[in-house]
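Q: how does the following fold in three dimensions:
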Amino acid sequence: MVITLYQQDIRWHEPEENRRRVESALATAPKSDIFVVPETFTTGFGEGMVGLAEEPDGNTLQWARRIAAQYDRLFVGTWIVREEGRYYNRMHWVRPDGSYGTYDKAHTFRVSGEYDVIARGTRREVFEWRGWKIKPAICYDLRFPKWLRNDNMDYDLLLICANWPGSRHEAWSTLLKARAIENLCYVVGCNRCGIDGVGGSYSGNSAAIDYKGLPLAECTGEETLTVTLDKERLDTFRQRWPFYLDFD
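A: Predicted coordinates for the structure are as follows:
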């Protein structure tokens, strides 16, 4: 599996410009199976984002369908969706044939006020893509190991979109490794970089981590990063070290 991350410096409350920048990054990125962007990549995270919420079948989904087809890869990202009077921080994985799946963020961030305006998702999700079982998660979800527990080896890759501040970058990097080790899986976390519209600073630190907790690659600035994940090696490791058989 070849996966590309775009560690994006998100333009505050500028959906069209952010989609344009993502499309520009896609056009120059190596060929891959999946292209991932950060959490709320069209608007930035926080104050005012619900004012830019879209309908479930809105502009960003239509755009994502087009570029997934154009570049023949799965497109993964989150944006704010308004549905039946509620707002959701919704991850989408959009396939080249136009079909898609979604996951609503389960752990909305209390400290920032997201908890007060964004409805919590209640469904755990795992989806398949090109022979891989993939678990979606969004930012704050990373702190909750029970929610992400891979009890029956249900997934091979934990895929996280985030807006994780630079002031807590050590927690981000440590938790990515911990989730990989405890769940015997690859972990890929795509975070934003730069300064947001209210002065929040993001160092990025987007990374791919292997099933032993070892970093495979990490972003340093606004850039794309492409990495290859090896399922045969993952399966061999699980067979040799079946720690999951002794999970509590």
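
Q: where along the protein do the helices fall?
A: 15-28, 59-71, 114-117, 169-183, 231-240 (DSSP state H).

Q: nearest to E128, of those?
A: The minimum distance between E128 and the helices of the chain falls on helix 231-240, with 12.2 Å, by C-beta to C-beta. Every residue, glycine included, has its C-beta placed from N, CA and C.

Q: and the closest one, how far out from the chain middle?
A: Chain-centre distance of helix 231-240: 24 Å, with C-alpha atoms, centre = their mean, to the nearest Å.

Q: quick check: end-to-end length of stretch 235-245?
A: Start and end residues of stretch 235-245 are separated by 15 Å (C-alpha to C-alpha, to the nearest Å).

Q: now it: buried residues?
A: With burial defined by 16 or more other C-beta atoms under 10 Å, the residues of stretch 235-245 counted as buried are 237-238.

Q: repeat for stretch 17-27
A: 18-19, 21-22, 25-26.

Q: please identify which of the residues you listed is nearest to G221.
A: Once C-beta to C-beta is applied, the member of these that ends up nearest G221 is A25, at 12.6 Å.

Q: related to what we said a few turns ago, the helices of the chain: lowest mean pLDDT?
A: Sorting the helices of the chain by mean pLDDT places helix 114-117 lowest, at a mean of 94.

Q: please work out how many residues are found near the closest residue in space to C161 that isn't next to it in sequence.
A: Computed as C-beta to C-beta, 6 or more residues apart in numbering, the closest residue to C161 that is not its neighbour in sequence is E39, at 4.4 Å. Residues near E39, counting by other C-beta atoms under 10 Å, number 24.

Q: same question for the one 4 residues further on.
A: A count of nearby residues for T43, using other C-beta under 10 Å, gives 25.

Q: phi, psi for it please.
A: The phi/psi pair for T43 (degrees, to the nearest 10) reads phi -130, psi -20.

Q: got a pLDDT number for it?
A: 98.

Q: lowest-confidence helix or strand of this structure?
A: Ranked by mean pLDDT, DSSP states H and E, the helix or strand of the chain with the weakest confidence is helix 114-117, at a mean of 94.

Q: give me the contact list for it.
A: 45-46, 50, 87, 89, 108-109 (C-beta atoms under 8 Å, 6 or more residues apart in numbering).

Q: which parts of this protein are strands?
A: Using DSSP state E, the strands found in the chain span residues 2-7, 34-36, 74-83, 86-94, 100-104, 127-129, 132-138, 157-161, 186-190, 193-195, 201-203, 207-209, 215-218, 223-228.

Q: turn those into TSV, including mean neighbour count, distance to P242 and mean pLDDT.
A: Below are those laid out as TSV (neighbours: other C-beta atoms under 10 Å; distance: least, C-beta to C-beta, whole Å; pLDDT from 0 to 100):
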stretch	mean neighbour count	distance to P242	mean pLDDT
strand 2-7	24	26	98
strand 34-36	25	27	98
strand 74-83	23	29	98
strand 86-94	23	29	98
strand 100-104	20	28	98
strand 127-129	16	22	98
strand 132-138	23	17	98
strand 157-161	26	19	98
strand 186-190	28	17	98
strand 193-195	18	38	98
strand 201-203	19	36	97
strand 207-209	24	20	98
strand 215-218	15	23	97
strand 223-228	17	25	98
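
Q: residues touching the spatially most central residue of the chain, list them.
A: Central residue of the chain (C-alpha atoms, centre = their mean): C161, 2.3 Å from the mean position. By C-beta under 8 Å, 6+ apart, the contact list for C161 reads 36-39, 41, 76-78, 91, 138-139, 190.
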